[in-house]
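*Asks:* Give me the fold of what follows.
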Amino acid sequence: MKFISLLLVSLSFLIACGEAVPHLEEIRERGELRVLSRYGPTSYYVKDEELAGFEYELVKRFAEYLNVKLKIIVPDNLGDMLKLIEQGKADIAAAGLTITPERKDIIRFGPAYDKVIQQLVYRLGTKKPKNLTDLADGHLEVVANSSHVEQLTSLKEEIPSLTWTENSEIDSSGILELVQLELIDYTIADSNEIAANQLKFPELRVAFNISDPQDIAWAMPFSEDASLAKEMALFFEMMDESGDLSRLKEKYYGHIRHFDYLDTRAIERRILTRLPKYQALFEQAGLEHNIDWRILAAMSYQESHWDRNAVSPTGVRGLMMLTQDTAKFMNVADRKDPAQSIKGGAAYLASIKKRLPQRIQEPDRTWMALAAYNIGLGHLEDARKLTEMDGANPDLWPDVKAHLRWLSKRKWYEKTKHGYARGGEPVHYVQNIRRYYDILLQSTETEIQPETMEEQEILPGAL
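*Replies:* Predicted coordinates:
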């Protein structure tokens, strides 16, 4: 049995400790928040040799808020996780757990921070089922001890013929892969899990929903002392009011809600056929301007599909589709020359990032710079001012993104310095680039499991 921890702590050690159900003071005295999670795109993984994931970043902030170290343990399966948190062997389970009546009988939940819908998944190329009665001739398999089992059990009262098998060996990503590989016909997964895995398994399709929206939250052991639960409620209230919770959701989910199968397959082909001609140029420009080369490559794919001879009806051309004015400003003599185009586009993006207010942090800084690359810095600043006028945060991309569309409405663009603009275009532009960037990450990076990394500690610090 493997257990993954930022300090590589084994479960046997935790059990041997025989600690009582933890509460806030015990955590602070211990100086360590022990969190059960799972390895996957919605929870905890490695990206560019750094730990990442929505649940990981959220619980890391909570540890910083408590001024303690963070220790993450990943059990073998969901059943073990629920059992360990019920027994008080860890402080929190942070793994996108759905709040269900059965679970509420054995564990305490913190504030709900998102909603998911359970959906039936099948593979493209097979017959799409219309309802659960259509599954009779196929094989439905779900993760054991999951909320999906509870939902199917309740549905079986109405559909006695409904059958399924439960898999205790793999997680949601693993069972989605079984559908992708045609080893099983159907599975049930949460909507956020499906969206996060769509680029990895592009043949997956949603047939229909099998539940209403359901809350997800962190879980804790039951205890007479509710101090940890109360502090958690204060933390989520702070995260919500500051906009940081929305910012995290945007970072991990904002660009993957809409999936384009043909577009995804097209870029995957061109990664093999066209990208190798220009990858070294993207890498060099990225190093010169401290920009991930895959961001530049994703920009170029959005602009030209890596076609050096691309020309738009408005006269922009080349790999980075530079205008004549931009090319002149960046000292690009030949816009169709790949080296000059990539160098000029990278330098122009870097110059935009420098001109943005210093208080705008990453990754919002990059997304806003990309939007300005598309629509112009003046229009971006107009959208930021409208964002502030509306009481939202002009330094957060999710807030600015929502207000960019206002630039096409007379009621609002008349109040701006630079007037009308098609504000929806930069929103789609950035969304596409982020999606292409994710595909490039998967294609150019060897997957690293957290347990293969060097030992790390998350040190206490102010939030």
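*Asks:* going forward, measure contacts between C-alpha atoms and count neighbours the same way
*Replies:* Noted.
*Asks:* Distance of E25 relative to E86?
*Replies:* Separation of E25 from E86 (Cα to Cα, to the nearest Å): 19 Å.
*Asks:* and the two? which has more neighbours close in?
*Replies:* E86 (22 against 11; other Cα atoms under 10 Å).
*Asks:* Excluding residues flanking it in the chain, which one is nearest that one?
*Replies:* Counting by Cα to Cα, 6 or more residues apart in numbering, E86 lies nearest to P221, which is 5.1 Å off, once chain neighbours are set aside.
*Asks:* list the contacts for the one you found?
*Replies:* Residues counted as contacts of P221 (Cα atoms under 8 Å, 6 or more residues apart in numbering) are 21-22, 85-88, 91-92, 106-108.
*Asks:* Recalculate using a threshold of 7 Å.
*Replies:* Under the criterion of Cα atoms under 7 Å, 6 or more residues apart in numbering, the neighbours of P221 are 21, 85-88, 107-108.
*Asks:* any idea which residue sits dead centre in the chain?
*Replies:* What sits nearest the mean C-alpha location of the chain, by Cα atoms, centre = their mean, is Y252, with 2.0 Å.
*Asks:* follow-up on the earlier one: which one of the contacts of P221 sits closest to S341?
*Replies:* I85 (54.7 Å; Cα to Cα).
*Asks:* Surely that closest one is in a helix?
*Replies:* Yes. Counting by DSSP: H, G, I helix; E, B strand; the rest coil, I85 is part of a helix.
*Asks:* any idea how far A229 is from the closest residue to it other than its chain neighbours?
*Replies:* Counting by Cα to Cα, 6+ apart, I85 lies nearest to P221, which is 5.5 Å off, once chain neighbours are set aside. Distance from P221 to A229, counting by Cα to Cα: 10 Å.
*Asks:* N393 is in contact with D399, correct?
*Replies:* Yes. Between D399 and N393 there is a contact under Cα atoms under 7 Å: 6.0 Å.
*Asks:* and those two? which has more neighbours close in?
*Replies:* Legend: neighbour count by other Cα under 10 Å for D399 and N393, higher for D399 (22 against 18).
*Asks:* Quick check, pLDDT for that one.
*Replies:* pLDDT for D399: 91.
*Asks:* Quick one: classify it as helix, strand or coil.
*Replies:* D399 ends up helix, using three-state DSSP.
*Asks:* Pull up the overlap in contacts between D399 and N393.
*Replies:* Common contacts of D399 and N393 (Cα under 7 Å, 6+ apart): T387.
*Asks:* buried stuff in stretch 46-65?
*Replies:* Neighbour counts using 16 or more other Cα atoms under 10 Å place 46-47, 51-56, 58-65 of stretch 46-65 among the buried residues.
*Asks:* my bad, stretch 303-320
*Replies:* 303-308, 310-311, 316-320.
*Asks:* follow-up on the earlier one: which one of the contacts of P221 sits closest to R410?
*Replies:* When the contacts of P221 are compared against R410 (criterion: Cα to Cα), the nearest one is R108, at 49.9 Å.
*Asks:* For that closest one, list each beta-bridge partner.
*Replies:* For R108, the beta-bridge partners are M220 (DSSP bridges).
*Asks:* and it, what is it in contact with?
*Replies:* R108 is in contact with 219-222, counting by Cα under 7 Å, 6+ apart.
*Asks:* hang on, A350 in a helix?
*Replies:* Yes. According to three-state DSSP, the state of A350 is that of a helix.
*Asks:* residues near it, how many?
*Replies:* 19.
*Asks:* for Y278, same thing?
*Replies:* Counted with other Cα under 10 Å, Y278 comes out at 16.
*Asks:* Relative to Y437, how far out is the closest residue in space to it that isn't next to it in sequence?
*Replies:* Spatially, and ignoring its direct neighbours in sequence, Y278 is nearest to P338 (7.5 Å; Cα to Cα, 6+ apart). Separation of P338 from Y437 (Cα to Cα) stands at 20 Å.
*Asks:* How about L176?
*Replies:* Note on L176: its distance to Y437, by Cα to Cα, is 22 Å.
*Asks:* These two: which is more packed in?
*Replies:* Counted by other Cα under 10 Å, L176 and Y437 do not tie: L176 has more neighbours, with 29 against 21.
*Asks:* Next secondary structure after the helix or strand hosting the more buried one?
*Replies:* According to DSSP states H and E, L176 maps onto helix 172-180. Downstream of helix 172-180, the next assigned helix or strand under DSSP H and E is strand 187-190.
*Asks:* That next one: partners in the sheet, and parallel or antiparallel?
*Replies:* When DSSP bridges is applied, strand 187-190 pairs with strand 118-123 (antiparallel).
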